Structure formats: C-alpha cells, structure tokens
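Pasted the sequence and its predicted model underneath.
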Amino acid sequence: MLKLINIRSNNVTKKVESYMSSLPNKRFYTLDEYFALVRQSDERYEYWDGEIFCMSGNKKEHVFIEEDVFITLSQLLKGRNCQAFSSAIAIKVPAAPPFRYADGSVICGEVEFEEVGGVDTLVNPILLIEILSPSTERYDRTGKFSIYKSIPSFQEYLLIAVSKPCITQFVKQKDGAWQPNEVIGLESNLYLPSIDRTLSLNDVYQRVKFKSE
C-alpha cells in the first residue's frame, strides 16, 4: 500500500484515510486515483511513480514569506498584463507529469490553462518561486529546477531562504544558459527581468523574525 507523507491536519488525515480505504489493496496509486484525491481535497498533493506526497503543512515563516511574496508581486504588477499566482495553482511540467506545485508563479500576457485529470493546470508561467526548507532545499535547487526547465515559457527562478534574508535568482539567457545571482540582507533589492520589476527583500521578509533580531 502506498504511503502518504507529511499530512499534518487531522481532518485531512481522516479524509485521505477514508478515501484510501475505499481503494483496492494495491502497491501504488494510478493517476485516476490521484486525480480523484486532488479533486476532493483542499490540500496540495504531488504524484511520483505511484506515490502521493502532501505538499502542505509548512512552518509559519514559510507561510508568511509565501503570502507576502504573493501580495508584493501582485502590487508590483498592477496596471500590467501580468498576474501572480499562489501555491494553490497546479503547474504543467512536461518533464514531470501530470503537474507540480510551486510556492508562487507569475505569467505575463494571456493566461493559459489546460485541464489535466479534472484539475486546471497553468501552462505558461515565466517566473517560478520556491521557498526553501531543510527537507526540500537540495531538491528545489537541483531536481525541481531541472524539471521546471522543460516548461517552454519559463524564464526566471527564485529560491527564497527562510533562515536568513537571502534570495538566489536564476535567469535564462539567450543561449539557454541560466545566470545565477544572489542577494542578501533586508536592505537589498532584486531586479526581476522577466517582469521588469524590482523586489524588496524587506517586503518579502516583513513578518519574519531572525535570530539576530
């Protein structure tokens, strides 16, 4: 029987266990079973080779950063034909079907969605954001970045640290290479070429208290 990990809410646990008990005794989930679970739950789940992983249940600092990045980007994009999305939006990643969840994303121009298993999936993000945690940082920097590169519209990647005010940026160049950059400190600003806007780290971390403070 496939294991479900990182399920933090008792209500969600009961809901998932009820759903699982209705399934035949299998060694893995099919995609149809996964889609049924995603459609009936408010949580975010990702599917990997028959295993299902809950992507919810982060620490408060992660939640604060995620919310403030979304609010800040939405304000920066006012008056432009661009839109910021939260982590609730599924993203189509050709190299890792059926879809994945980022901690944030931005599109410019017409928003394209594709229905995958009954789930509306964003097709054309230009900017993707991941907020780092000890358990996922290595994967976000390597494996997840690698599969995100299969998205044709993808131009810029932000990795936001939680333990200190630091953002690592990767920008796609004309030759296909990804140029890295890193900014540190609450007083720092980061120019985002994909949307032609500047992000203040003070806005990103406004509700986070660091140990030095």
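Looks like it arrived, so ask away.

From here on, just use CA atoms for contacts and neighbour counts.
Will do.

Can you read off the pLDDT for Gln40?
For Gln40, the pLDDT comes out at 89.

can you list the domains in the chain?
According to automatic domain parsing, the chain comprises the domains 4-54, 60-204.

Of those domains, flag the one that's most buried.
Mean neighbours per residue, mean count of other C-alpha atoms under 10 Å, is largest over the domains of the chain for domain 60-204, with a mean of 17.

How far off centre is that domain?
How far domain 60-204 lies from its chain's middle: 7 Å, per C-alpha atoms, centre = their mean, to the nearest Å.

can you map out the helices along this protein?
Residue ranges of the helices in the chain, as given by DSSP state H, are 10-21, 31-40, 60-76, 137-141, 143-148, 201-204.

quick one, what contacts Ile65?
Ile65 sits next to 131, 162, 204-205, 207-208 when contact means C-alpha atoms under 8 Å, 6 or more residues apart in numbering.

Let me have these in JSON lines, extended by distance to Phe154.
Below are these laid out as JSON lines (distance: C-alpha to C-alpha, whole Å):
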{"residue": "Ile131", "distance to Phe154": "17"}
{"residue": "Val162", "distance to Phe154": "24"}
{"residue": "Val204", "distance to Phe154": "22"}
{"residue": "Tyr205", "distance to Phe154": "25"}
{"residue": "Arg207", "distance to Phe154": "29"}
{"residue": "Val208", "distance to Phe154": "29"}
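
Pick the one among those residues closest to Asp68.
Val204 (5.7 Å; C-alpha to C-alpha).

does the closest one really touch Leu73, like I thought?
No: counting by C-alpha atoms under 8 Å, Val204 sits too far from Leu73 to count as a contact (9.7 Å).
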